[in-house]
Every structure is written in C-alpha cells, then in structure tokens.
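Q: Let me see the structure of the following:
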Amino acid sequence: MDTVEVAEPGPGLVRVRLGASGVCGSDRHVLDGEWSMPSPTVLGHEGPARSKAWVRGSPTSKRATT
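A: As a prediction, this is how the structure comes out:
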C-alpha cells in the first residue's frame, strides 16, 4: 500500500474523502492478472464518500459541513 498525492480539483471536478472501499469484479480481474492496468493503479472504487473540495462549476449543489 502506498500514499498518493492528490491535486486540487480542476474546473467541473470534485474531490471526495472515501470512507470505505469494496472490491468489485473488475478489481478482481486486475488482481488476477486477467486485465492490464497502468501502474500504479488505485483499486476499490465502490464506496461511500464525502465531498472535501470543489470549485465553481462543479456538480456539487450542497456543501458538506465537515
């Protein structure tokens, strides 16, 4: 496991804090070597999240309070 630096969101983008993560079928294919992905790859894309940063024009209509 590695720590990755995440840039501030650009126009129309939102950065979220992922609270938990699950492994889905596509993650399993990558782990089993059946599908190739560029490295490094961040797997575990299914989970609850909270908006942490956004910019004007992002699709976020309500700001999180924490």
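
Q: which ones are touching residue 35?
A: Each residue near residue 35 by Cβ atoms under 8 Å, 6 or more residues apart in numbering is listed here: 26, 29. Bear in mind the C-beta positions are built from the backbone N, C-alpha and C, glycine included.

Q: Assign it to helix, strand or coil.
A: Here residue 35 is recorded as coil under DSSP: H, G, I helix; E, B strand; the rest coil.

Q: quick check, residue 30 in a helix?
A: Yes: applying three-state DSSP, one finds residue 30 inside a helix.

Q: give the contact list for it.
A: Applying Cβ under 8 Å, 6+ apart to residue 30 gives the contacts 36, 37, 41, 43.

Q: Now render these as JSON lines, adding distance to residue 14, pLDDT and neighbour count.
A: What follows is the contacts of residue 30, written out as JSON lines (distance: Cβ to Cβ, whole Å; pLDDT from 0 to 100; neighbours: other Cβ atoms under 10 Å):
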{"residue": "36", "distance to residue 14": "29", "pLDDT": "89", "neighbour count": "9"}
{"residue": "37", "distance to residue 14": "23", "pLDDT": "87", "neighbour count": "13"}
{"residue": "41", "distance to residue 14": "21", "pLDDT": "79", "neighbour count": "10"}
{"residue": "43", "distance to residue 14": "21", "pLDDT": "80", "neighbour count": "15"}
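
Q: okay if I get those as CSV plus distance to residue 25?
A: Shown next, in CSV, are the contacts of residue 30 (distance: Cβ to Cβ, whole Å):
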residue, distance to residue 25
36, 16
37, 14
41, 15
43, 12
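
Q: Tell me the one among these nearest to residue 12.
A: Using Cβ to Cβ, residue 41 is the member of the contacts of residue 30 that lies nearest residue 12, at 23.9 Å.

Q: Now the closest one. Nearest residue, chain neighbours left out?
A: Using Cβ to Cβ, 6 or more residues apart in numbering and skipping residues adjacent in sequence, the residue nearest residue 41 is residue 30, 6.6 Å away.

Q: where does this protein dip in pLDDT?
A: 1, 45, 51-66 (pLDDT under 70).
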